[in-house]
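[1] Need a 3D model of the following:
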Amino acid sequence: MIRVLHVITRLTLGGSAENTVQQVVALGRAGYACTLAVGLAGSEAAVVEDARRRGCRVRDVPGLARDVHPARDLRALGALLALVRRERPHVVHTHTSKAGFLGRLAARLARVPVVIHQPHGHVFYGYWGPERTRIYVGLERLAARWTDRIVTLTARGTAEHLARGIGRPEQYVAIPSGVPVAELQARAPAPAAARARLGLPARAFVVVGVGRLVPVKGFDLLIAALGRLAPELPTARVVLVGDGPERAALAAQAAALGVGDRVTFAGAVPGGSDALLDHLAAADVCAAPSRNEGMGRVLVEAMALGVPVVGAAVGGIPAVIGEDEAGRLVPPDDAAALAVALRELAGDPALRRKLAEAARVRAGAFSTQVAEARLLALYAELVRARGLR
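    So this is what the prediction gives:
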């Protein structure tokens with residue numbers, strides 16, 4: 001039996017953790033013996049428990065955390081190396097930047113036969129200044145030399161890595177973060193029922209944004225756009241589903257713009273949950289004004305329910321929306337352009353219906369079935385090439 005060690009910095013609500021757990025579960029069903037290594041100290045207990053409930057064998061890596069801390073990072077590297085030597089995996093599959101570098105270094109030191117890395121996006125813009133970004137790009141270039149395959153969520157993710165000299169084209173394969181499209185469509189509530197449960201007015205123009213309340217998600221731009229829309233569109237409301245350190249600042253911004261009573265902070269809810277489906281089904285539009293985004297998993301979830309999407313042209317978002325096929329693309333960091341796109345959709349219900357139908361169809365390209373088939377094909381190729389058994 002092929003033994004696989006997956007490594008991720010932490011398990012929290014969000015696309016990277018959900019995608020990782022889905023892969024571990026899918027590989028387990030296919031006969032691989034998987035272990036999931038994670039820094040439990042920085043994880044959310046409910047997400048870890050959910051992973052275990054779904055059959056993941058979770059192992060703690062003391063010291064593995066998102067922030068850079070040399071002494072703690074060396075401790076995490078030592079713990080990872082000890083785990084690799086104890087588990088003797090045929091494959092090490094790392095996820096996200098910090099776990100990606102430390103996990104690949106541990107795999108190289110232990111001479112693991114196959115190494116796969118999945119960045120779930122990247123940190124090349126939207127996070128830090130030029131100097132820190134250059135350091136991370138340099139580390140990614142180095143670690144790419146120790147890697148058999150680099151899994152991006154979209155072809156655009158591949159192009160953005162190659163443009164910075166990270167790896168070679170033949171190392172890359174694009175596998176989306178699989179969304180259970182058919183299941184979501186079967187479970188989706190009627191929009192009117194969802195609005196009633198959430199206390200949203202039947203005639204309001206509702207824009208939902210989903211994600212952690214952190215600067216990279218760009219929800220400050222969405223509130224700024226609402227401020228521009230408010231005078232001419234009194235029914236417009238924004239619902240933010242998520243939590244994070246920017247919540248107070250976003251609330252203050254909304255109040256300063258005079259739209260505090262039109263912004264609802266719904267708190268964090270798990271991906272794919274009934275609570276999330278209610279918020280998406282109740283929406284006229286789903287917005288992702290991100291400054292960086294690996295794919296935009298929630299956009300696919302919204303599209304599956306027939307909700308048009310408006311997203312910034314960063315990361316994998318253009319690949320999800322298409323050429324204005326399932327919604328509208330806007331320039332990054334441009335609240336005015338975001339307001340224009342939302343105004344267009346608010347004023348044209350027929351256009352929203354047209355985009356909604358296209359969105360339902362397009363969501364299928366990012367389904368769980370598509371993602372799992374590509375993942376298993378990748379593993380079969382590498383196992384066969386290395387003669388593993």
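[2] ranges for the strands of this protein?
    Ranges of strands in the chain, per DSSP state E, are 3-8, 33-38, 58-60, 91-95, 114-118, 149-152, 172-174, 205-210, 236-241, 263-267, 285-288, 309-312, 327-330.
[3] Redo these as CSV? Include mean pLDDT and distance to Ala302.
    No exception for glycine: its C-beta is placed from N, CA and C like everyone else's. Formatted as CSV, the strands of the chain follow (pLDDT from 0 to 100; distance: least, C-beta to C-beta, whole Å):
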stretch, mean pLDDT, distance to Ala302
strand 3-8, 98, 25
strand 33-38, 97, 28
strand 58-60, 96, 30
strand 91-95, 98, 24
strand 114-118, 98, 23
strand 149-152, 97, 22
strand 172-174, 97, 21
strand 205-210, 97, 8
strand 236-241, 97, 11
strand 263-267, 96, 15
strand 285-288, 98, 4
strand 309-312, 97, 6
strand 327-330, 97, 9
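[4] so where's the protein uncertain?
    Counting by pLDDT under 70, the chain contains no low-confidence range.
[5] if we go to 90?
    Along the chain, segments meeting pLDDT under 90 span 12-15, 42, 65-70, 120-133, 268-274, 294, 296, 323-324, 387-389.
[6] distance of Pro191 from Gly100?
    Distance check for Pro191 against Gly100: by C-beta to C-beta, to the nearest Å, it reads 40 Å.
[7] what about the helices in the stretch 201-350 of the chain?
    Remark: helices assigned in the stretch 201-350 of the chain by DSSP state H, counting those that start in this stretch are 219-229, 247-256, 274-281, 297-304, 317-321, 335-346, 349-363.
[8] which residues sit in contact with the closest residue to Arg374 other than its chain neighbours?
    Nearest non-adjacent residue to Arg374, counting by C-beta to C-beta, 6 or more residues apart in numbering: Ile175, 4.5 Å away. For Ile175, the contact set (C-beta atoms under 8 Å, 6 or more residues apart in numbering) comprises Gln118, Val151, Thr152, Leu153, Ala371, Arg374, Leu375, Leu378.
[9] need the contact list for the fifth one.
    Same thing as Ala371. By C-beta under 8 Å, 6+ apart, the contact list for Ala371 reads Gln22, Ile175, Pro176, Ser177, Gly178.
[10] before we move on, what about the first one?
    The contact partners of Gln118, by C-beta under 8 Å, 6+ apart, come to Asn19, Thr20, His93, Thr94, His95, Thr96, Gly100, Ile150, Val151, Thr152, Ile175.
[11] now do 7 Å
    Gln118 makes contact with His93, Thr94, His95, Val151, according to C-beta atoms under 7 Å, 6 or more residues apart in numbering.
[12] just those now: which is nearest Val383?
    The closest of the contacts of Gln118 to Val383 turns out to be His93 (C-beta to C-beta; 12.4 Å).
[13] Verify the stated contact: the closest one with His6.
    Yes - the pair His93 / His6 is scored as a contact, 4.9 Å apart, by C-beta atoms under 7 Å.
[14] any idea how far the residue nearest in space to the middle of the chain is from Glu301?
    Residue closest to the mean C-alpha point of the chain, counted by C-alpha atoms, centre = their mean, is Gly15 at 3.4 Å. Gly15 sits 10 Å away from Glu301, going by C-beta to C-beta.
[15] Hmm, Thr235 is touching Val206, no?
    No - the pair Thr235 / Val206 is not scored as a contact, 8.8 Å apart, by C-beta under 7 Å.
[16] neighbour-wise, which of those two wins?
    Counting neighbours by other C-beta atoms under 10 Å for Thr235 and for Val206 shows that Val206 has the greater number, 23 against 14.
[17] Leu105 versus that one, what's the distance?
    Distance from Val206 to Leu105, by C-beta to C-beta: 47 Å.
[18] Now do the contacts for the residue nearest to Val84 when sequence neighbours are not counted.
    Leaving aside its chain neighbours, Val84 sits nearest to Ala110 (4.4 Å; criterion: C-beta to C-beta, 6+ apart). Contact analysis of Ala110 by C-beta under 7 Å, 6+ apart lists Leu81, Val84, Arg85.
[19] coming back round to it: could you save the contacts of Ile175 as a markdown table and add columns showing distance to Asp274?
    Shown next, in a markdown table, are the contacts of Ile175 (distance: C-beta to C-beta, whole Å):
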| residue | distance to Asp274 |
| --- | --- |
| Gln118 | 29 |
| Val151 | 30 |
| Thr152 | 31 |
| Leu153 | 26 |
| Ala371 | 23 |
| Arg374 | 29 |
| Leu375 | 27 |
| Leu378 | 33 |
